[in-house]
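Engineer: Generate coordinates for the sequence data below:
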Amino acid sequence: MKNTREKVLQALAASQTATISQLAEQVAVNPITIRHHLNNLEAENLITRSEIRHGVGRPRMVYRLTEQGAKRFPVSFQRLSENLLSAIKTLYGPDASRKALEIVGRQMAEYYLADLPTGSTEETLKEFARKMALEGFQIQWELRGNLVTIHNSSCPFHQLSQTHPEICQLDHTLFASILKKDLKYKSAIVGGNLDCTFQFEV
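Structural biologist: The predicted model follows:
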């Protein structure tokens, strides 16, 4: 019974809307059984139904997932991101996705710029590292003389870099925009290094 219930939900997730007869065909059970599961799923607020008229005769009842039901089928954001970057390249050329990522990096930076401390370099870097941890980065930094070296050992977009290495542009632009510095890229995880390294002069 549970397996049939999940198949009904999966069928609705795939088709968006469906009638009882359509679900019976997709799940390969009789309409009476489908109706029983639909009643239970509706009581749990996982699905909803509505009437659609189709010419002469009684309106047809169609079913769809509610917002709560849709949450059972999370979107693959990595696959979505890969497809979006590929589409940008196809439509506008190979450099377009890098430029788009620069824009995204600057937009992400705007969220943090307002309350970043404007005191010493050390205070700024400490807060920068703390804020980037909220995004999934692991930042360490060192200040030697007038040279600051930033190491990031965890990139939340690393899996994307396997198919779209230009994703590193987002990190670079994000960090540079927040720190308002001309960051120099020294090494990258995608190149086989242990971390991504950036440098700038105070």
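Engineer: Read off the pLDDT value for the most centrally placed residue in the chain.
Structural biologist: For the chain, the residue sitting closest to the mean C-alpha position, by C-alpha atoms, centre = their mean, is Phe77 at 3.8 Å. pLDDT for Phe77: 74.
Engineer: Show me how far the helix ranked longest in the chain is from its chain's centre.
Structural biologist: Identified as the longest helix of the chain according to DSSP state H is helix 96-113. Centroid separation for helix 96-113 versus its chain: 15 Å, with C-alpha atoms, centre = their mean, to the nearest Å.
Engineer: what about Ala70, how many residues close to it?
Structural biologist: Neighbour count for Ala70, taken as other C-beta atoms under 10 Å: 16. In this view, the C-beta of every residue, glycine as well, is placed from N, C-alpha and C.
Engineer: Now it: phi and psi?
Structural biologist: The phi/psi pair for Ala70 (degrees, to the nearest 10) reads phi -70, psi -30.
Engineer: Next, work out how far apart Glu127 and Trp141 are.
Structural biologist: Distance from Glu127 to Trp141, counting by C-beta to C-beta, to the nearest Å: 11 Å.
Engineer: which stretches of this structure form strands?
Structural biologist: Taking DSSP state E to define them, one finds strands in the chain at 47-52, 60-65, 139-144, 147-152, 184-187, 196-201.
Engineer: can you redo the ones you listed as CSV with distance to Asn30 and mean neighbour count?
Structural biologist: Below are the strands of the chain laid out as CSV (distance: least, C-beta to C-beta, whole Å; neighbours: other C-beta atoms under 10 Å):
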stretch, distance to Asn30, mean neighbour count
strand 47-52, 19, 14
strand 60-65, 16, 17
strand 139-144, 59, 14
strand 147-152, 57, 18
strand 184-187, 62, 14
strand 196-201, 58, 18
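Engineer: mind checking which of those is nearest Leu91?
Structural biologist: Of all the strands of the chain, strand 184-187 sits nearest to Leu91, with 27.0 Å by C-beta to C-beta.
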